Every structure is written in structure tokens, then in C-alpha cells.
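1. Make a model of this:
(chains A and B)
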Amino acid sequence: MGRKDTILYLDGVSVSFDGFKAINNLSLVLAEGEMRAIIGPNGAGKTTMMDIITGKTRPDTGEVFFDGDIDLTRHDEADIAVMGIGRKFQKPTVFESHSVEDNLLLALAGPRRILPAIFHRSSSAEAERVEAILQTIRLTGRRYDPAADLSHGQKQWLEIGMLLAQDPKLLLVDEPVAGMTDAETEETARLLKDIARTHSVIVVEHDMHFVRELDVKVTCLHEGSVLSEGSLDHVAADERVIEVYLGR
Amino acid sequence: MITRRLFAGGIDRRVLTVILLLLAAAVIVPVLHLAVPPSSPFHVPNYIVALTGKYLTYALLALALDLVWGFCGILSLGHGAFFALGGYAMGMYLMRQIGTRGVYGNPDLPDFMVFLNWKELPWYWYGFDQFWFAAIMIVLVPGALAFVFGWFAFRSRVTGVYLSIITQALTYALLLAFFRNDMGFGGNNGLTDFKDILGFNVQAPGTRAALFAASACALAFALAVTAFLTTSKFGKLMIAVRDAESRTRFIGWRPENVKLFAFVASAVMAGIAGALYVPQVGIINPGEFAPANSIEIVVWTAVGGRGTLVGPVIGALMVNGAKSWFTGVLPEFWLFALGGLFIAVTLFLPKGVVGAYDQWRRSRRDRAARKAGRPPAGEEPTPGTNDVQATPSSSVRSGPSSGGAEPQPAE
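-> Below you'll find the predicted structure:
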């Protein structure tokens, strides 16, 4: 596949911390509008990969392109976020002392400079957008509550809502169902599938049941590079994947 | 609902009350000082005007620190530096106003320069004979220093205790620099023996009253500005940066710019406070740069309640009032008392006096609501019956901000 048609293009990416190769010659291509699930044991480099894509970590070698021709290694986190990559962290991070609504308002796409923020007046278009997101993430009733009062699962959803508010082209979602009940997990899978209809999405997850629910192409990482790629059944049947997960 | 109510009402009601009290004091105190005869029990004596005027500039300084510490999570241990720089700019203007009335009678050179055998006025003293120039410098010098310092510190992502340490180093470096006679700021003795400000005798009761009124108005104005800032979207952003800096970065904001703006605005406020302080105490010397002074500002703010706007004002007035009383009665124990106060506040009133009051109000309201069989506030807005009671404490809750959850340390 040519680089031009991709939303995300990683080629030969390596990064090491104090001699430890966290990412080792990793190549991964995501097509425009695709949803991909990434699995792999602890320390496989899943989070480091997200750090590289979002500009938190610079790769030692390799190419990282977004939307065909934007070289992500030349930009920092804020730039990359504005260009259209949203990220949900493994541990839900929301602004605890702000209300649910304010969390979404701060994430809402728009100018990111200081003066407009000082003289900002909320518009009805903004209110509608927030209303719609609140409905999607099922937090309409908690609109004015501080985010600190939300349950763990609700915080995860709020963070997904903040991602939606940013209106990114690509969403990176790190362990969205960690600590969720079965019902919440199913709900989240439905929500992500919904989002994937209009966005490109990468989901990192350990929960195989959840990955099966998503029903998308799966990439298994191990020791910083791709071990296996394909449908979940294909990957799950791969000898090397079984070996990595069960130990040798 | 709560947030909406706050924004419909504009500025927090409590801040508004303090602003009105300050404006009233700006009128009433000068009148009681000047127009009421000294024999009357309502007469405000000279030393009270001077003392409270000084406290008001301290309150403005504490408010400046609250903007960066309480709302943006930047614990500056060097805010005394901006205060002193504003003070020096004002002091330079006051020195130039002395003219030929100095001990050596030199029309251009201040006494200390004549004493050091300087023949010409250094270039950086030019323009300070004009008040408008000095006024610009009062704002510009602290602002510019804060900008340069913040630009490098925040861009390099220096946060938390490391930032506190370098702010402390900043004020200490300035202390050493201003102690040197070669700097041309009067060295150890600083600038003093002021005669006139804008043509009025600085010692005259009328001038003192006017300086008091100016300090009260400046504080009221600063409260209005900070209340506006902290309730704006920018204010929410400051709190977001305080609580989860990296999250703001990943939704596209630049925390370094948010911090830089707050830091510069705060330094300018501190500079203005210093400029109002100097003519009221009659001297500015390098001692104002002492690291201990900057730490004292932190104590005022912590005692009053950071992130509450009115808290630091109350804290500065309370602690300094206590200091004046204590240093009269048991001078050698004041520092122990101050240290003890800080420890006690940290242990028992982590949110300061104002924060503790808010908490007490809230728990009392929740108890009352439970007794009446209503769900506690926060679960369900209770319109109508509870409205009168709910309003003050609800503005507290969202109160601009710091409201609900406790400020969390930056990661």
C-alpha cells in the first residue's frame, strides 16, 4: 500500500531507553477509516508506540507519517493533537475538579490560543455539540457533577467523550475497558464501533472477549515489533502468539 | 446547574462583597482620617492609615501569588522579587523627585551616587524623573523578568519543586546583585529619604490617605481582574493545567503558554503592589529580595486559602495584623509563631481559613438537607425552597473553580 492512502504509516521505527529496545524495527500501516486492535503481552511496546505517534517520545530511527505526508517526528504533542490525533490514556485522566461539561468544553475543537480563551463566550453551537457528546457517552445526567465523582467506567467514557470533542481523524485508545463490568465492556465495544464508522481508530486492549466483540483486524506486538497480524482467529491460532502468551 | 448559576451571576458573590468593602474603605478611611478631629473616637490615626495601607499592598501581593499557585499550580518562592522590582522602580522616581533637597544638594544625582563619587547619572536612571515613565517601568520590569524566566522554565517543562527552587534562586541572585554598590541602586541602604510624590509631600496626611485609597482601589481592581480571568475559559484551562498538565497537552493546548500568561500577569500585579508599598513605608532596600520574604507570601496565601481569591487577601491581613501585634509583645518569638502557624494550617486547615469555612458550610447544608428528607446537594439541584440558602455556598462550590476536588500536585 502506498503511503498516500494511509492515515498512519510507521516504517522501521526503533527506540531504546538506556539500551533497552522498547520498539524494535516496528512497521505498521493503518488505512484511512480503519479500526485496528493491538494486543500483546506486558512490555510489548504498545504504550511506547502511542507515545511515538503522539509526539511524547521521539524515535531513534524510522519514519512516522500521519495522513499520508505529515512527518510526526517533527511535531510536539500539542501540534499533533490539533492536527487530528486524539489519545485516551490507559489510566483514565480527566480534569477531576472540573464538571463533566467543562471537561468536554476544554477538549472541544477550536482555537488553542490564550487570548481567545480569556474572552471566550459559549455559543449555542458548542452547547449542542456538548449535548450530543453527552448523549453518546451516556453522561447527560452527570453534566454538572465534578468529574472526580464519576465511577471508573464513567471516567473512561468521559475521556472517550473528550476525544470525540476534539474531533480527531485518528483516535488512539489505550485499554478502554480496563476495570469495567461486562455490561460496560459491551457498551464500550458498541460505542467504539460507532465511532469507527466516521474515524480511524487504534485500540490497545488485553481483554480478548472485547477484541472479539470489535471484530476487526488484529496486530499482536511482542518485544517491540509485529509478531502476527490478521483476523483474531488467525492471530490466536498463530503458534508464536500462543508461545508468547503461554510462555515457552 | 451550579455552574450555570455562577456564570449567570457573573463574578462570585463573595469576591464582589470584598471588592465593595475595599472601595468603601478607600472612601471612608481617608475621610475619618482627614475630616474627623483627632479628639473624636471615630478618628483614624496616622499610623493606622500607614499600617493598613501597607497590609493592602501585601494582600495584593498574596493575590498575585494565588493566581499562579492556587489556580495554575506554580508554587513560586520568588514572588518577593517582582514586588521589590516594582518597588525599586517607584523608589527611583521618588529619588529623582528629591532634587536639590538632598544632603549634597545635587540636582541630578541621588545622594548615594554623589557619595560614591559618581559624576553622571547611569543610563538606566534616565526617564525616572517622569512619573509616567516610572509607571510603565513598574509594570514592564517585573513583567519582562517573569516573561524571560517563565519562557525558559516552562518551555523546558521544569515543574513542581524544581521550579520552586529556581524561583527561590532567582530572588536570591537579585538580592546579592542589589546589595552591590556598583549596581547603582543604593546598595545595602537602598533608596530612601523620599520627599515628594507627584508634587505632594509623602509624609503629609493627605498623601498618606490618598496612597491608602490607591492601594485599596488597586486591590479591588486586581480582584475583579482575577475573578474575571479565573471564571473564563482560560481560568478552567489554568485549573486543568494544575491538575493534569499532560492531559491538556494531548488535547492540543500548550500548558507552557497558559503558565507563562498567568506568571507574567501575576508578576505585574506583584510589581504594582511593590510600587504602592514603597511610598507608604518610605524605603526600599535589597532586604525585600530576601528568600524568607517570598516564603512569607506563601504562608499568607496558604493561611487564607489558596485558589479562593478572597482567601489570600484575608490571609495577608490576618497574618500581618498578628505580626504587628506579636512583634510588639514578644518580638523574639514571632518567627516561631509564624512557623507554627504554617505547620498548623498545613495539618489542620489544608484549604486555609476560607476553604475550611466553605467545607463547614457545605457539610452543614448537606446535613440540613438530609434532615429535611431531601437528597444532599450535588445529587439533585433543589430549586425553590432551598434557594436562599443554597446560593452562597453553591457559588463557593464552583467558586471560581477550585471548588470541589482538592488541588492535586502536578505529575
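2. C-alpha only now, for contacts and for neighbours.
-> Will do.
3. my guess is A:Leu172 is in a strand, correct?
-> Yes: under DSSP: H, G, I helix; E, B strand; the rest coil, A:Leu172 falls within a strand.
4. That one contacts A:Gln90, correct?
-> No: with contact defined as CA atoms under 8 Å, A:Leu172 and A:Gln90 do not form a contacting pair (10.4 Å).
5. residues of the host helix or strand of B:Ala218 that come out buried?
-> Element membership for B:Ala218, per DSSP states H and E: helix B:205-231. Residues of helix B:205-231 classed as buried by neighbour count (16 or more other CA atoms under 10 Å in any protein chain shown): B:205-224, B:226-231.
6. Which strands or helices does the helix or strand containing A:Arg36 pack on?
-> Following DSSP H and E, one finds A:Arg36 within strand A:35-39. Helices and strands touching strand A:35-39, by 3 or more CA pairs under 8 Å, 6 or more residues apart in numbering or on different chains; DSSP states H and E, are strand A:200-204, strand A:217-222.
7. Of these, which is nearest B:Gly339?
-> Closest approach to B:Gly339 among these is made by strand A:200-204 (50.5 Å; CA to CA).
8. got a list of contacts for that closest one?
-> Applying CA atoms under 8 Å, 6 or more residues apart in numbering or on different chains, the external contacts of strand A:200-204 come out as A:7, A:31-39, A:46, A:169-176.
9. got the residue ranges for the helices in the stretch 151-300 of chain B?
-> Assigned by DSSP state H, counting those that start in this stretch, the stretch 151-300 of chain B shows helices spanning B:160-179, B:205-231, B:233-243, B:245-250, B:255-281, B:291-304.
10. then the first one to CSV, C-alphas only?
-> Once non-C-alpha atoms are left out, helix B:160-179 reads as follows in CSV (Å, rounded to 0.1, in the frame of the first residue of the first chain):
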residue,chain,number,x,y,z
GLY,B,160,6.9,21.2,40.8
VAL,B,161,9.6,21.6,43.5
TYR,B,162,12.3,22.2,40.9
LEU,B,163,10.6,25.3,39.7
SER,B,164,10.1,26.4,43.3
ILE,B,165,13.8,26.1,43.9
ILE,B,166,14.8,28.1,40.9
THR,B,167,12.4,30.9,41.7
GLN,B,168,14.0,31.0,45.1
ALA,B,169,17.4,31.1,43.4
LEU,B,170,16.1,34.0,41.2
THR,B,171,15.2,36.2,44.1
TYR,B,172,18.4,35.3,46.0
ALA,B,173,20.5,36.2,42.9
LEU,B,174,18.7,39.6,42.7
LEU,B,175,19.3,40.1,46.5
LEU,B,176,23.0,39.7,46.0
ALA,B,177,23.1,41.9,42.9
PHE,B,178,21.2,44.7,44.6
PHE,B,179,23.4,44.6,47.6
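11. centre of the chain versus it, how much separation?
-> With CA atoms, centre = their mean, to the nearest Å as the basis, helix B:160-179 stands 18 Å off its chain's centre.
12. Excluding covalently adjacent residues, which one is nearest to B:Val202?
-> Nearest residue to B:Val202, sequence neighbours excluded (CA to CA, 6 or more residues apart in numbering or on different chains): B:Asp196, at 5.3 Å.
13. now do B:Ala59
-> Per CA to CA, 6+ apart, closest to B:Ala59 is B:Val313, 4.6 Å.
14. I'd guessed that neighbour sits against B:Leu65; true?
-> No: if you go by CA under 8 Å, B:Val313 and B:Leu65 don't touch, sitting 10.7 Å apart.
15. And the two? Which one has more around it.
-> Each of B:Val313 and B:Leu65 has its neighbours counted (other CA atoms under 10 Å in any protein chain shown); B:Leu65 has more, 34 against 28.
16. The closest residue to the more buried one other than its chain neighbours: how many residues sit nearby?
-> Nearest non-adjacent residue to B:Leu65, counting by CA to CA, 6+ apart: B:Ser266, 6.6 Å away. By the measure other CA under 10 Å, the count of residues near B:Ser266 is 28.
17. Quick check: B:Ser266 vs chain A, distance?
-> As judged by CA to the nearest CA, to the nearest Å, B:Ser266 and chain A stand 15 Å apart.
18. next one: the helix holding B:Ala218 to chain centre, how far?
-> Distance of helix B:205-231 from the chain centroid (CA atoms, centre = their mean) equals 11 Å.
19. What's the mean pLDDT across it?
-> Average pLDDT, helix B:205-231: 96.
20. Could you tell me the end-to-end distance of stretch A:60-75?
-> This stretch, stretch A:60-75, spans 15 Å end to end (CA to CA, to the nearest Å).
21. let me redo that: stretch B:231-251
-> Length of stretch B:231-251, first residue to last, CA to CA: 20 Å.
22. who's more crowded, A:Leu172 and A:Gln90?
-> Legend: neighbour count by other CA under 10 Å for A:Leu172 and A:Gln90, higher for A:Leu172 (22 against 16).
23. So in terms of bridging, what pairs with that one?
-> Beta-bridge partners of A:Leu172, counted by DSSP bridges, are A:Arg87, A:Ile202.
24. Which secondary structure elements does the helix or strand bottoming out on mean pLDDT in chain A sit against?
-> Between all helices and strands in chain A, the lowest mean by mean pLDDT, DSSP states H and E belongs to helix A:239-246, at a mean of 85. With contacts taken as 3+ CA pairs under 8 Å, 6+ apart, helix A:239-246 sits against strand A:225-230.
25. so the strand it packs on versus strand A:35-39, what angle?
-> Per axes from the mean of the first three to the mean of the last three CA atoms, to 10 degrees, the angle that strand A:225-230 makes with strand A:35-39 is 130 degrees.
26. Tell me the helix or strand right after strand A:225-230.
-> Downstream of strand A:225-230 (by DSSP H and E), the next one is helix A:232-237.
27. between the helix or strand harbouring B:Gly339 and helix B:291-304, what angle do the directions make?
-> B:Gly339 is located in helix B:334-348, with elements delineated by DSSP H and E. Using the same axes, to 10 degrees, the inter-axis angle of helix B:334-348 relative to helix B:291-304 is 40 degrees.
28. Pull out the CA atoms of helix B:334-348 and give them to me as PDB.
-> Extracted C-alpha coordinates of helix B:334-348, given in PDB (Å, rounded to 0.1, in the frame of the first residue of the first chain):
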ATOM      1  CA  TRP B 334       7.400  36.000  66.000                       C
ATOM      2  CA  LEU B 335       9.300  33.700  63.700                       C
ATOM      3  CA  PHE B 336       8.400  30.600  65.800                       C
ATOM      4  CA  ALA B 337       4.800  31.700  65.800                       C
ATOM      5  CA  LEU B 338       4.800  32.100  62.000                       C
ATOM      6  CA  GLY B 339       6.400  28.700  61.500                       C
ATOM      7  CA  GLY B 340       4.000  27.100  64.000                       C
ATOM      8  CA  LEU B 341       1.100  28.800  62.200                       C
ATOM      9  CA  PHE B 342       2.200  27.400  58.900                       C
ATOM     10  CA  ILE B 343       2.500  23.900  60.300                       C
ATOM     11  CA  ALA B 344      -0.900  24.200  62.000                       C
ATOM     12  CA  VAL B 345      -2.600  25.400  58.800                       C
ATOM     13  CA  THR B 346      -0.900  22.700  56.700                       C
ATOM     14  CA  LEU B 347      -2.000  20.000  59.200                       C
ATOM     15  CA  PHE B 348      -5.500  21.200  60.200                       C
END
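29. Would you mind listing the buried residues in the next helix or strand after it?
-> Next along the chain after helix B:334-348, taking DSSP H and E as the criterion, comes helix B:352-371. The neighbour-count check on helix B:352-371 (16+ other CA under 10 Å) flags B:352-356, B:358-359, B:361-362, B:365-367, B:369 as buried.
30. Sounds good, over and out.
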